[in-house]
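>>> Build me a model from this:
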Amino acid sequence: QRSLKMAEDREMAELHISDEKETQIPGYNYPELESRPHTLSYMVPAPPRCCYKFKVGRMYVLRAAKVISETGETEVKIYCMLGACWPMTFATMALIAIVSIAAMSSFLPKLGFLWWLAAAVILGVNLGSLALTGTADPGIVRRGRSDLEANQDIKGRRWSSQANAFLKRGDAFCEESQVVVREMDHFCPWTGTVIAEGNMMYFQLFLGSLCMLLGFVALVCFTGVSVANQKALRPLNPL
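Residues are numbered from 1 along each chain as shown. Modelled structure (predicted):
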């Protein structure tokens, strides 16, 4: 067990992928397809090459590491990546932060410390969940060497010409991201990535905290106006 633990620690070291071709990454050698003009990611440029380690379809891996799977094989685990519409992740974060701060800046000074604390917590949770949604692995299905070799059982699977593979029940090919993901829900342009099994929890937290943030901003504005009106109606020299 100790030797296995040491082996796992060694395999958890950060990957150093320099000029290797993306198709050489085991399990993530998705065929490169030409983006169609009707897709949202058609005009989205790739981030600077120095910022990501390798591509998976039209997604860009920022941080990955080698781990030992349950079967004892070494495989690549993705920890952080950008979606096909990656600029929208940062644009949406900036939009939410600027609008929220601008709306509350005139009223929070009139309120107490607890209002400031609540505003910071709600806004922080919302931006954090959005960042996790846009940078988490959405549940990319690893590709085998070949879906037709070694007498693999393809019963109950359907063939995807885009992914060039047989898909299991629940797997779907995302045309924007050009990868197969588990339990795909939809592609969200506001978060810049596909919403599937891997980031669904973060996405739901983002939606819930966004509704809470909208309600809190409205409450801050209403309370701030009420406090200002009460102060204006007070007599300057009460008897």
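>>> what is the mean pLDDT for the longest helix belonging to the chain?
For the chain, the helix that runs over the most residues, judged by DSSP state H, is helix 200-233. For helix 200-233, mean pLDDT is 87.
>>> Which elements pack onto it?
On a contact count with 3 or more C-beta pairs under 8 Å, 6 or more residues apart in numbering; DSSP states H and E, helix 200-233 meets helix 86-104, helix 113-135. Backbone N, C-alpha and C define where each C-beta goes, glycine included.
>>> strand partners of the next helix or strand after the last one, parallel vs antiparallel please.
Of the helices and strands lying after helix 113-135 in sequence (DSSP states H and E), the nearest is strand 158-160. The sheet places strand 158-160 alongside strand 165-167 (antiparallel), with pairing taken from DSSP bridges.
>>> coming back round to it: got the angle for the longest helix of the chain vs helix 86-104?
Calculated by axes from the mean of the first three to the mean of the last three C-alpha atoms, to 10 degrees, helix 200-233 forms an angle of 20 degrees with helix 86-104.
>>> Now do helix 200-233 and helix 113-135, the angle between them.
150 degrees.
>>> Same question for helix 200-233: list its buried residues.
By 16 or more other C-beta atoms under 10 Å, the buried positions in helix 200-233 come out as 200, 202-203, 205-206, 209-210, 213-214, 216-217, 220, 224.
>>> on that earlier part again, E176 is nearest to which of the helices and strands packed on helix 200-233?
Among the helices and strands packed on helix 200-233, the nearest to E176 by C-beta to C-beta is helix 86-104 (11.3 Å).
>>> how about the helices and strands packed on helix 200-233 in a markdown table, adding mean neighbour count?
Shown next, in a markdown table, are these (neighbours: other C-beta atoms under 10 Å):
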| stretch | mean neighbour count |
| --- | --- |
| helix 86-104 | 16 |
| helix 113-135 | 17 |
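>>> Same list (these) but as TSV, adding distance to W159.
As requested, the helices and strands packed on helix 200-233 are exported to TSV (distance: least, C-beta to C-beta, whole Å):
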stretch	distance to W159
helix 86-104	30
helix 113-135	31
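>>> before we move on, back to that, out of the buried residues of helix 200-233, the closest to C80 would be?
For those, the nearest to C80 is Y202 (12.6 Å; C-beta to C-beta).
>>> Correct me if wrong: the closest one contacts P138.
No. Applying C-beta atoms under 8 Å as the test, Y202 and P138 come out as separate, 9.8 Å apart.
>>> could you measure R158 against V180, distance?
11 Å (C-beta to C-beta, to the nearest Å).
>>> out of the two, which sits in the busier spot?
The neighbour count for R158 versus V180, taken as other C-beta atoms under 10 Å, is higher for V180 (24 against 10).
>>> pLDDT value on the nearest residue to that one once chain neighbours are set aside, please?
Closest residue in space to V180, ignoring its immediate chain neighbours: V141 at 4.3 Å, by C-beta to C-beta, 6 or more residues apart in numbering. Looking at V141, its pLDDT reads 87.
>>> for A97, same thing?
Model confidence at A97, given as pLDDT, is 95.
>>> do the same with V44
Reported pLDDT at V44 in the predicted model: 87.
>>> Was I right to think it contacts P87?
Yes. The criterion here is C-beta under 8 Å, and V44 meets it with P87 at 6.6 Å.
>>> what's near enough to touch C221?
Applying C-beta atoms under 8 Å, 6 or more residues apart in numbering to C221 gives the contacts A103, M104, F107.
>>> Turn these into CSV, including pLDDT and distance to I96.
Converted to CSV, the contacts of C221 look like this (pLDDT from 0 to 100; distance: C-beta to C-beta, whole Å):
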residue, pLDDT, distance to I96
A103, 87, 11
M104, 87, 12
F107, 82, 18
